[in-house]
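Colleague: structure of the sequence below:
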Amino acid sequence: MLYLGIDLGTTYSLVAYMNDHGQPTLFPDYHDANEFRTPSVVHISAEGCYVGATLEGILDDEPELSQARFFKLQMGKPAAVYQDHLQRTWWPQALSALVLKKMLHDVEAFAHDEIGGALITVPANFNDAQRRATREAAQMAGLTHVKLMDEPVAAATFYGLNRKGAEQTLFVYDLGGGTFDATVLQAGDSGLYSLATEGSNQHGGIHVDAMIMDFILDEYQRQHGIRPNDETSLMILRRFAHDTKLALVKPGKTRVGKTFLLGGKSIEFVLTRELFHQMIEQFIDDTIAVCQRCLDAAGLDWSFVDTILLTGGSSLLPLVPEKLARISGRPVDQLVCKQPHQAVAYGAAILAAQQFGGGGAGPKLQSICAYDLGIRVMGKDQQPTVKVLVAKNTPVPASARMTFYTNRADQTRLIIEAVQQRDTSTGLEENSLGYFAFAIDNPRANYPLEIELAYDLEGLVVITARDPETGRQIRQLMDAQTEAMDNALLAQQPWVEAMRINP
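Modeller: Model prediction:
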């Protein structure tokens, strides 16, 4: 039986397993046994579906081809992000399913065992809708036994492989292709316990690429007075910006220069490492600020951290260890950067073997929720507000129960809306998980209803509504069926049928 660990990434995806020697191992690409990463990019045409490195090769010669990439950042949003040659629209989870199917094809080419389960990693700051979309993508790809795990936990698990000793506090700085997580964990022989997490979907390698693209476009406009915005030019720019970033990360490389055609006009481009660092300094400072908020949430300062782990390909940006060393007060060479491109997939493989193959054997894992979880209610000023029942950074599984009341004597139903929220540097981030209605057979003033909100082990939300007088109960997993009800309820002004806290 084969148990897979999958890092379903914004820019690259990887699949790994535990080999016969007890070491995590990546599966190579079906067409190239020396390539172990699948670019998360999709093109669909009359000739078929192309995914990964094969498509990237085609785009070298045909950059004008339509393509879908970075769709991980749109997971959980009820909108299509790609249109194929037949004008069919594709949602992010469907495109993610195609990437997963491609990787499963790679697995089948190099292993002949039946797949007994797959553990897929997600950013710690993924909300309920994003986690559900990831699980839906796995189901579309044909994976029947799936568990989700936070990426920093997977990276910390790989770091702890074959490592025994006293308990220590870990800080994971996870800067990937499109997302950033900062997580504090307590690690020891007994298990791995998350203490606090903060994150951002606005900080990742693609955002650095966008800065380089803007720099080139500004120079192009200075030279030619126009700013190209056609898809072919932007595709060429994106790939060149990505390659420029990788070149300037390498030791000894101090500048990148190139003359190329863009929009029918030539441009000479030079970017020095010094200018590159100036360009991304605020970006890195923003991630350091997220780190500080994470430590504050854990009630710790840097002196309590024993080990700082850097993971995610973008953590190789030279300014990252420099800034982290400065704020943490320790030498750069004490920061641990252990195979940052592969660490999450390797950790996922270890966890998959433990949770699927060993019947839950292995050290205990304790994750936390990245969002406050509450119910939208009618406030004293007759305006909607959120009553939080489960606080952010609570260990999961977690649940809380509270009694709410109707607003009117003739109210025949209560509209229940679950909400996730968290404070960020830019303000309050709020995500509605959907609505459902609970009917009241014999309404009267201040009719009570018990609501229980719960996070399960994978950070997914379950709501239970119970009428204490009749015993009738509805247990609702916030899923696509719930979303289908949203528009109908919204059209009826649900705040007329909302709840309040006090009778």
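Colleague: report the buried residues of stretch 55-70.
Modeller: For stretch 55-70, a neighbour-count test (16 or more other C-beta atoms under 10 Å) marks 55-56, 59, 63, 67-70 as buried. C-beta: built from backbone N, CA, C; applies to glycine.
Colleague: ok, now stretch 156-164?
Modeller: Buried residues in stretch 156-164 (16+ other C-beta under 10 Å): 156-160.
Colleague: next one: stretch 248-264
Modeller: In stretch 248-264, counting by 16+ other C-beta under 10 Å, buried: 248-249, 256, 262-263.
Colleague: filter those residues down to the ones in helices?
Modeller: 248-249 (DSSP state H).
Colleague: take the buried residues of stretch 248-264 and write them to a markdown table, including pLDDT and distance to residue 91.
Modeller: Shown next, in a markdown table, are the buried residues of stretch 248-264 (pLDDT from 0 to 100; distance: C-beta to C-beta, whole Å):
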| residue | pLDDT | distance to residue 91 |
| --- | --- | --- |
| 248 | 90 | 35 |
| 249 | 88 | 34 |
| 256 | 91 | 37 |
| 262 | 82 | 32 |
| 263 | 78 | 32 |
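Colleague: in JSON lines, list the buried residues of stretch 248-264 along with distance to residue 210.
Modeller: JSON lines is the format used below for these (distance: C-beta to C-beta, whole Å):
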{"residue": "248", "distance to residue 210": "15"}
{"residue": "249", "distance to residue 210": "16"}
{"residue": "256", "distance to residue 210": "17"}
{"residue": "262", "distance to residue 210": "16"}
{"residue": "263", "distance to residue 210": "18"}
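Colleague: what's the most distant pair in the buried residues of stretch 248-264?
Modeller: The largest separation in those, counting by C-beta to C-beta, is between 249 and 263 at 28.2 Å.
Colleague: output the below-cut-off pLDDT ranges for the stretch 401-503 of the chain.
Modeller: For the stretch 401-503 of the chain, the stretches with pLDDT under 70 are 425-426, 478-499, 503.
Colleague: all helices for it, in order.
Modeller: Applying DSSP state H, counting those that start in this stretch to the stretch 401-503 of the chain gives helices spanning 480-490.
Colleague: so which residues of it form strands?
Modeller: In the stretch 401-503 of the chain, the segments counted as strands under DSSP state E, counting those that start in this stretch are 413-424, 427-439, 448-455, 461-466, 473-477, 499-500.
Colleague: select, out of these, the one closest to residue 110.
Modeller: Using C-beta to C-beta, the strands of the stretch 401-503 of the chain put strand 473-477 closest to residue 110, at 35.8 Å.
Colleague: I'd assumed residue 6 was in contact with residue 118.
Modeller: Yes: the criterion here is C-beta atoms under 8 Å, and residue 118 meets it with residue 6 at 5.7 Å.
Colleague: which one's more surrounded, these two?
Modeller: Neighbour comparison, residue 118 and residue 6: the larger count goes to residue 6, with 29 against 26 (by other C-beta atoms under 10 Å).
Colleague: which pair in the buried residues of stretch 55-70 spans the largest distance?
Modeller: Top of the distance list for those (C-beta to C-beta): 63 and 70, 16.5 Å.
Colleague: okay, now residue 243: neighbour count?
Modeller: If you count neighbours by other C-beta under 10 Å, residue 243 ends up with 14.
Colleague: let me fix that: residue 501
Modeller: By other C-beta under 10 Å, 15 other residues sit near residue 501.
Colleague: from residue 44, how far off is residue 312?
Modeller: Per C-beta to C-beta, to the nearest Å, residue 312 is found 29 Å from residue 44.
Colleague: compare these two (neighbour count), which wins?
Modeller: residue 312 (30 against 21).
Colleague: what are the phi and psi values for the more buried one?
Modeller: Per-residue torsions, residue 312: phi 90, psi 140 (degrees, to the nearest 10).
Colleague: now do the one 4 residues further on
Modeller: Note on residue 316: its backbone torsions stand at phi -80, psi -10 [degrees, to the nearest 10].
Colleague: and if you look at the one 5 residues further on?
Modeller: Phi and psi for residue 321, reported as degrees, to the nearest 10, are phi -60, psi -30.
Colleague: residue 155 is in contact with residue 172, isn't it?
Modeller: Yes: using C-beta under 8 Å, residue 155 is in contact with residue 172, at 5.6 Å.
Colleague: identify the contacts common to these two.
Modeller: Listed as contacting both residue 155 and residue 172 by C-beta atoms under 8 Å, 6 or more residues apart in numbering are 309, 311.
Colleague: excluding chain neighbours, give the residue nearest to residue 339 in space.
Modeller: Nearest non-adjacent residue to residue 339, counting by C-beta to C-beta, 6 or more residues apart in numbering: residue 346, 7.0 Å away.
Colleague: host element of that neighbour?
Modeller: Residue 346 is located in helix 343-352, with elements delineated by DSSP states H and E.
Colleague: what element comes up after that helix heading to the C-terminus?
Modeller: From helix 343-352, the next helix or strand downstream (DSSP H and E) is strand 364-366.
Colleague: can you list contacts of that next one?
Modeller: The contact list for strand 364-366 (C-beta under 8 Å, 6+ apart) reads 149, 153, 157, 190-194, 351, 395-396.
Colleague: pLDDT of the helix or strand following it, averaged?
Modeller: Next helix or strand after strand 364-366 toward the C-terminus (DSSP H and E): strand 372-378. Average pLDDT, strand 372-378: 92.
Colleague: strand 372-378: which residues count as buried?
Modeller: By 16+ other C-beta under 10 Å, the buried positions in strand 372-378 come out as 372-378.
Colleague: same check, this time on stretch 420-427
Modeller: For stretch 420-427, using 16+ other C-beta under 10 Å, the buried residues are 420-422.
Colleague: ok, so of the residues you listed, who is nearest residue 279?
Modeller: Relative to residue 279, the closest of the buried residues of stretch 420-427 is residue 422; by C-beta to C-beta it sits at 28.7 Å.
Colleague: is it true that the closest one touches residue 371?
Modeller: Yes: assessed by C-beta under 8 Å, residue 422 is found in contact with residue 371 at 5.0 Å.
Colleague: ok so, going back, among the buried residues of stretch 55-70, which ones are in strands?
Modeller: Judged by DSSP state E, the buried residues of stretch 55-70 include 68-69 as members of strands.
Colleague: buried stuff in the helix or strand containing residue 132?
Modeller: Assigned by DSSP H and E, residue 132 falls within helix 128-140. Residues of helix 128-140 classed as buried: 128-138, 140 (neighbour count, 16+ other C-beta under 10 Å).
Colleague: list the contacts of the residue nearest to residue 339.
Modeller: By C-beta under 8 Å, 6+ apart, the residues touching residue 346 are 5, 16, 24, 26, 154, 158, 161, 339.
Colleague: and the two most separated of these?
Modeller: Using C-beta to C-beta, the contacts of residue 346 reach their maximum pairwise distance at 26 and 161, which is 14.8 Å.
Colleague: and which of the buried residues of strand 372-378 is nearest residue 444?
Modeller: Set against residue 444, the nearest of the buried residues of strand 372-378 by C-beta to C-beta is residue 378 (17.4 Å).
Colleague: wait, the closest one sits on residue 407?
Modeller: Yes: Residue 378 lies in contact with residue 407 (C-beta under 8 Å); the separation is 5.7 Å.
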